[in-house]
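**Student:** Output the structure for:
(one chain, ligands or ions: 2)
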Amino acid sequence: MSGNTFGKLFTVTTFGESHGPALGAIVDGCPPGIPISEEDLQHDLDRRRPGSSRHTTQRKEPDQVRILSGVFEGKTTGSSIGLLIENTDQRSKDYSKIKDQFRPAHADYTYHHKYGHRDYRGGGRSSARETAMRVAAGAIAKKVLAAKGIQVRGYMSQLGPIKIDFKTWDAVSENAFFCPDPDKVAELEAYMDQLRRDQDSVGAEVTVIADGVPVGLGEPVFDRLDADLAHGLMSINAVKGIEIGAGFGCIAQRGSEHRDEMTPEGFLSNHAGGVLGGISSGQPIVARLALKPTSSITTPGRSIDVHGQPVEVITKGRHDPCVGIRATPIAEAMMAITLLDHWLRHRGQNGDVSVDTPRLEQQ
Ligand SMILES: Cc1cc2nc3c(=O)[nH]c(=O)nc-3n(C[C@H](O)[C@H](O)[C@H](O)COP(=O)(O)O)c2cc1C
Ligand SMILES: C=C(O[C@@H]1CC(C(=O)O)=C[C@@H](OP(=O)(O)O)[C@H]1O)C(=O)O
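**Tutor:** Residues are numbered from 1 along each chain as shown. Ligands and ions are numbered 1, 2, ... in the order given. Presented below is the predicted three-dimensional model:
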């Protein structure tokens, strides 16, 4: 097993390196008859694309996706969907000087020791450039889920020390940060401008929410829905923490506060984050991701080279000063892929009839 595939019934396999000719994905298990066009995928790809504001990497990639298979006359056929995005703006000379050095906090050290031979250009396979394919696959999952009334959306909830309260979904698409509070945008701009002057990077938190998920998705033991969500979200580059619902906040809570009391009209709170016993409760599914600060910065850092000799690493080139800024569409994609996989698995075992899943409609 090479670890390039995610999911059990709805599966996503990706290939490609940051400075290779192209990236690709094979999406398997998509139900037939779903209308899918390249434009459907392009919307989310444009939201993730590098170089779209001064606060992200300045690498300019159109990230134009091509659907190579699995769609005929505008609808999925049920066969493998092949997706391709060409790389057009690689600048490999940025990496010539550091090709034998290990950037502290990037994957150079572990790739070198695990494989012995690595594509150092742009971090090769370890680059988050790969996440473009997840976003394209996630857009397919989102489309299938939307037909079932399930919507997956995300936003930035903290940038470095700046906490961001949720205000409106409309605001999220109106700024470069996926910030839901329009009154915070100027502060974020100023923080990022100073950060660049400091030649440093910073972490962030992204929140992702699925609305309209019926009761019953998930498995009770190993493949709990929350476990698979954590797997999918944690598999995104630079993610160091995942919380579902109250998350680590539950440590300081009492049972009388944490429990989500129920009335005939519904739950009175959602500390569970929409999952009980590994199975969706019908409440919104809420996950938060902690993303670490970018490792590639121009501030010199101590490290070693491939010969074990001490070096001072300075990483020049085009890098995201805060990787969390572009992570929202990626988190949405991984949540959508996980939910669709579990939707198909639920239907595989339980069929369309289930006393406890009145909102699970026939596909
Ligand atoms: C959207 C996004 C953009 C990223 N951009 C950069 C970047 O420009 N430079 C960099 O060094 N790391 C960047 N990263 C982080 C690296 O890909 C990541 O740190 C590396 O793969 C090592 O994996 P790990 O941090 O999960 O241990 C980015 C991550 C994401 C999610
Ligand atoms: C290209 C993208 O982001 C890249 C992610 C990345 C990393 O180390 O993860 C490092 C940089 O790579 P390069 O120096 O090869 O351009 C970013 O630009 C992208 O997201 O599409």
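
**Student:** list the contacts for the closest residue in space to residue 8 that isn't next to it in sequence?
**Tutor:** Using Cβ to Cβ, 6 or more residues apart in numbering and skipping the chain neighbours, the partner closest in space to residue 8 is residue 341 (5.8 Å). In this view, the C-beta of every residue, glycine as well, is placed from N, C-alpha and C. Going by Cβ atoms under 8 Å, 6 or more residues apart in numbering, residue 341 touches 7-11, 29, 228.

**Student:** which bits of the stretch 251-363 of the chain sit near ligand 2?
**Tutor:** Counting by Cβ under 6 Å from any ligand atom, the residues of the stretch 251-363 of the chain close to ligand 2 are 317-319.

**Student:** cutoff 5 Å now
**Tutor:** residue 317 (Cβ under 5 Å from any ligand atom).

**Student:** Around residue 134, how many other residues sit close by?
**Tutor:** 28 (other Cβ atoms under 10 Å).

**Student:** That one reaches residue 334, doesn't it?
**Tutor:** Yes - using Cβ atoms under 8 Å, residue 134 is in contact with residue 334, at 6.4 Å.

**Student:** So for residue 192, what's the nearest residue that isn't a sequence neighbour?
**Tutor:** Spatial nearest neighbour of residue 192, chain neighbours left out: residue 55 (4.7 Å); criterion: Cβ to Cβ, 6+ apart.

**Student:** And that neighbour, how far from ligand 1?
**Tutor:** To ligand 1, residue 55 is 12 Å away according to Cβ to the nearest ligand atom, to the nearest Å.

**Student:** so that residue sits right up against residue 323, yeah?
**Tutor:** No - shown here, residue 55 and residue 323 do not form a contact pair, counting by Cβ under 8 Å, at 11.1 Å.

**Student:** So for the two, which residue has more residues nearby?
**Tutor:** residue 323 (27 against 21).

**Student:** OK, contacts around the residue of the chain found nearest ligand 2?
**Tutor:** As assessed by Cβ to the nearest ligand atom, ligand 2 sits closest to residue 122 within the chain, at 2.5 Å. Contacts for residue 122 (Cβ under 8 Å, 6+ apart) come out as 17-19, 90, 92, 94-95, 129.

**Student:** can you redo the contacts of residue 341 as TSV with distance to ligand 2?
**Tutor:** Below are these laid out as TSV (distance: Cβ to the nearest ligand atom, whole Å):
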residue	distance to ligand 2
7	22
8	27
9	28
10	24
11	23
29	26
228	24
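
**Student:** Can you tell me which of those is nearest residue 212?
**Tutor:** Set against residue 212, the nearest of the contacts of residue 341 by Cβ to Cβ is residue 10 (17.6 Å).

**Student:** No more questions from me, cheers.
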